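Enquirer: Quick one: sequence and predicted model below, then my questions.
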Amino acid sequence: MIQKPRPFQRRLGTNRAHLRILQTTDLHAHIFPFDYYNDVAVDHSGLARTATLIATGREEVANSILLDNGDFLQGSALGDYIAYDRGLKQGDLHPVIGAMNRLGYDAATLGNHEFNFGVPFLMASIARANFPVISANALLKRGATPREDQRLLPPYLILDRRIRDTAGVLRRIRIGVIGLLPPQFVTWDESKLWGRIESRDIVETAAALIPEMKAAGTDIIVALAHTGIGASQHVDGMENAALPLARLDGIDVLVAGHTHKVFPSAQFSNGPEIDLKAGTIAGKPAVMAGFCGSHLGVIDLLLEQEGTSWNIVASQSEARPIAALDPTGHRAPLVVSDTAVLKATQHDHDATLDYMRSPVGATRRRLCSYFSLVTNCHSVQMICRAQSQFIRQSLTDPEHAGLPLLSAAAPFKAGGWAGVENYTDIPVGPLFQRSVADLYCFPNTISALRLRGSDIAEWLERSAMIFNHLTIGASDQLLLNDAVPSYGFDVIMGLTYEIDPTQPPRYSLSGRLLNPEAHRIRNLCHNGKPLDPEAEFIVATNNFRASTQMRLVHSPDARLVFEAPTTIRNILLNFITQHGTIDPEIEPNWSLTVPPDTSYLLKSSPLGQHHLCGVNDLSLEPLTEVQEGFMHYRVTARFRP
Ligand code: MN
Ligand code: MG
């Protein structure tokens, strides 16, 4: 690794010092550089590799602090194994915390996913952390004002440190760090948090606490905010609040995350408030270090002391990657893994591997998700079937049991920002625990809603936002709106319908009705007859979608009729073990409208070209490879004789 020159070398002078802030974010329980779903070592993730960058980043400078932005407990087979299979008793050391303890973090904050396994699990995990964990807007009880909120954890901390100035003299600095996360986390984990945990807007919370932090004598304030770079305009409760947060007087540095993006990088463009060269947002030094340890965030601050307080006179941000993409689309590692971090996790890594390698059944069909956003997909349909079976057996209340049962699920692994590795591809043959985890990678639990046909039609319209607005008769138009994650694309089985992307989207990304006249969902039928908007249905879904849908539906009698702490992964596991060998048929469910003389471009993995034979309703033609290892497929209508 090339040693970077010390920043600000020529600018150091009397009363000046250099402070470096190092950041990890969205680690998602990725410690070992290992893909448990596919049982292979990988080069592009894992805190063990980031740890080597942390060591170098510290050696290069006299003064540094290390912060983590949250979403550290959930998101890998290791994290799920600890939460569901091995369990965590009071006093046990969570392997992620064990690995983080090795690295000497100065502070960490909570992300939304910290709540996925419930509050007792979270508190037992962080009880063993040797670093402080803060969160200003994870609340036990919301007060009349933010100052009166009762919190789960301390809202901020003040690091009272001695830093070495240019002349080598130690000087006192007080660095305030405030922890924040999207208030939506309460809704997203409603089944576990309802009545126990509340939240408050990010910007409102920070604004209320800054004066208190100033009064306590902080020289600079760092917002350690598990939030992404979204709209500039502040809206109460916004999820990605980096811009309005950075604009607040009193916030000096922004350490962001949550969206799994990299800042500064080409994923963002320069704008009135974003300076990619300096790495600032609204003029404030900022950084965002990708996900799963892919990058280390580095902010260099040149500080100057005036009287007893410090000011930032210059800054430079960068995100240092652990791996680089070579011309063939393969990610090659830039650093080796830190052996101390590997050693700290080895035992639990091995236990996870043993568990993930245990056989659970077999499949006669390949289960892959390369084309799950353009056509019916085995992996999604199997989740729908397993959910339906579970709800049919569990929802016995005669008030609901007679209603027709539908089932909603989305492709979770369908490329996107998570990269070209983010697909499911399970070959014909044995299935293992790791296959089930691959098919259902989120820790969602089962729910069922009772809805009217009209609500279901709107649900599908919101799903259809994932497609760009395309033109009839035009060629090679980019099909997918990259801003919409694939988990937002629910397919509802039990109905048949077409999705026409040449119609304008009915909803905006935030769920606002954009075009009241527009309908992308065509020929929506139940049992071959047009869906009656007044008819009632039961829809099996997950807890996350159930709570978000219940906030969006219009019918006054829509309700949540079933929820259980059973994970959908377990439901899927039982479904597979009951069958022994599965041989799923594709059920005609939905299709994408492609008018004559019109073509779309789908971005997917080059590996998909070997599995085109399963696609019957469209023609998919592999073209050349495009950026980041992805390939474009030209989508046209299939000629039907
Ligand atoms: Mn995350
Ligand atoms: Mg998050």
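Expert: Thanks, I have the structure now. Residues are numbered from 1 along each chain as shown. Ligands and ions are numbered 1, 2, ... in the order given.
Enquirer: Kindly confirm my reading that Leu572 is in a strand.
Expert: No: counting by DSSP: H, G, I helix; E, B strand; the rest coil, Leu572 is not part of a strand but helix.
Enquirer: and it, how many neighbours?
Expert: Using other Cβ atoms under 10 Å, Leu572 has 22 neighbouring residues. Any C-beta I mention is one placed from the backbone N, CA and C, and that applies to glycine too.
Enquirer: same thing with Leu180?
Expert: 31.
Enquirer: With Val42 instead?
Expert: The tally of other residues near Val42 (other Cβ under 10 Å) stands at 18.
Enquirer: For it, which non-adjacent residue is closest in space?
Expert: Closest residue in space to Val42, ignoring its immediate chain neighbours: Asp35 at 4.8 Å, by Cβ to Cβ, 6 or more residues apart in numbering.
Enquirer: residues from the chain in reach of ligand 1?
Expert: Residues of the chain lying close to ligand 1 (Cβ under 5 Å from the ion) are Asp26, Asp71.
Enquirer: let's see it at 6 Å
Expert: Within the chain, the positions lying close to ligand 1 (Cβ under 6 Å from the ion) are Asp26, His28, Asp71, Gly111, His113, His258, His260.
Enquirer: related to what we said a few turns ago, my guess is the residue nearest to Val42 meets Gly46, correct?
Expert: No: applying Cβ atoms under 8 Å as the test, Asp35 and Gly46 come out as separate, 9.8 Å apart.
Enquirer: who has more neighbours, these two?
Expert: A side-by-side neighbour count of Asp35 and Gly46, using other Cβ under 10 Å, places Gly46 first with 30 against 19.
Enquirer: Below-threshold pLDDT in the stretch 51-200 of the chain: ranges please.
Expert: Applying pLDDT under 70 to the stretch 51-200 of the chain flags no residue at all.
Enquirer: cool, the chain as well?
Expert: 1-7, 9-13, 328-329, 640-641.
Enquirer: Give me the neighbour count for Val222.
Expert: A count of neighbours around Val222, defined by other Cβ under 10 Å, yields 28.
Enquirer: shouldn't it be in contact with Leu67?
Expert: Yes: judged on Cβ under 8 Å, Val222 makes contact with Leu67 at a distance of 7.3 Å.
Enquirer: Find residues that contact each of those two.
Expert: Both Val222 and Leu67 are contacted by Ile21, Val177, Val255, under the criterion Cβ atoms under 8 Å, 6 or more residues apart in numbering.
Enquirer: The second one should be in a strand, yeah?
Expert: Yes: the assignment for Val177 (three-state DSSP) places it in a strand.
Enquirer: what's around it, how many residues?
Expert: Neighbours of Val177 using other Cβ under 10 Å come to 26.
Enquirer: hey, what's it bridged with?
Expert: When assigned by DSSP bridges, Val177 has beta-bridge partners Leu157, Val222.
Enquirer: and if you look at the first one?
Expert: For Ile21, the beta-bridge assignment (DSSP bridges) gives partners Ile65, Ile299.
Enquirer: and it, how far is that from ligand 2?
Expert: Going from Ile21 to ligand 2 by Cβ to the ion, to the nearest Å gives 20 Å.
Enquirer: Likewise for the second one?
Expert: Distance check for Val177 against ligand 2: by Cβ to the ion, it reads 18 Å.
Enquirer: my read: that residue touches Ile220, true?
Expert: No: applying Cβ under 8 Å as the test, Val177 and Ile220 come out as separate, 9.6 Å apart.
Enquirer: so Thr352 is in which element?
Expert: Following DSSP states H and E, one finds Thr352 within helix 339-356.
Enquirer: So which bits of that helix are buried?
Expert: Val341, Leu342, Ala344, Thr345, Asp348, His349, Ala351, Thr352, Leu353, Tyr355, Met356 (16 or more other Cβ atoms under 10 Å).
Enquirer: Pick out whichever of those residues sits closest to Glu563.
Expert: The nearest member of the buried residues of helix 339-356 to Glu563, counting by Cβ to Cβ, is Tyr355 at 26.7 Å.
Enquirer: Val287 bridge partners, please.
Expert: The partner list for Val287 in beta bridges (DSSP bridges) reads Val255.
Enquirer: mind listing what it touches?
Expert: Contacts of Val287 (Cβ under 8 Å, 6+ apart): 21, 23, 254-256, 263-264, 279, 297-299, 317-319.
Enquirer: need the residues of this structure near ligand 2, please.
Expert: Asp71, Gly111, Asn112, His113, His226, His258.
Enquirer: what's the closest of the residues you listed to ligand 1?
Expert: Asp71 (3.5 Å; Cβ to the ion).
Enquirer: What's the separation between the closest one and Gly228?
Expert: Using Cβ to Cβ, to the nearest Å, Asp71 is found at 12 Å from Gly228.
Enquirer: related to what we said a few turns ago, and the helix or strand following the helix holding Thr352, what other elements does it pack with?
Expert: Moving toward the C-terminus from helix 339-356, the next helix or strand (DSSP H and E) is strand 359-363. On a contact count with 3 or more Cβ pairs under 8 Å, 6 or more residues apart in numbering; DSSP states H and E, strand 359-363 meets strand 429-432, helix 433-439, helix 568-579, strand 581-582.
Enquirer: Please work out which of those is packed deepest.
Expert: Neighbour counts (mean count of other Cβ atoms under 10 Å) averaged over each of the helices and strands packed on strand 359-363 peak at helix 433-439, with a mean of 24.
Enquirer: How about residues contacting that helix?
Expert: Helix 433-439 is contacted from outside by 36-39, 77, 80, 355-358, 360, 367, 379, 382-383, 413, 424, 426, 569, 572-573, 576, using Cβ under 8 Å, 6+ apart.
Enquirer: hmm, who's touching stretch 73-81?
Expert: For stretch 73-81, the external contacting residues (Cβ under 8 Å, 6+ apart) are 26-32, 36-37, 83, 94-96, 113-114, 116-117, 121-122, 125, 292, 345, 348-349, 351-352, 355-356, 434, 437, 443, 569.
Enquirer: should've said stretch 301-308
Expert: In contact with stretch 301-308 (Cβ under 8 Å, 6+ apart) are residues 7-8, 11-12, 15-21, 163, 165, 171-173, 219-220, 253, 285, 310-315.
Enquirer: Compute the distance between Ile97 and Leu103, please.
Expert: Separation of Ile97 from Leu103 (Cβ to Cβ) stands at 11 Å.
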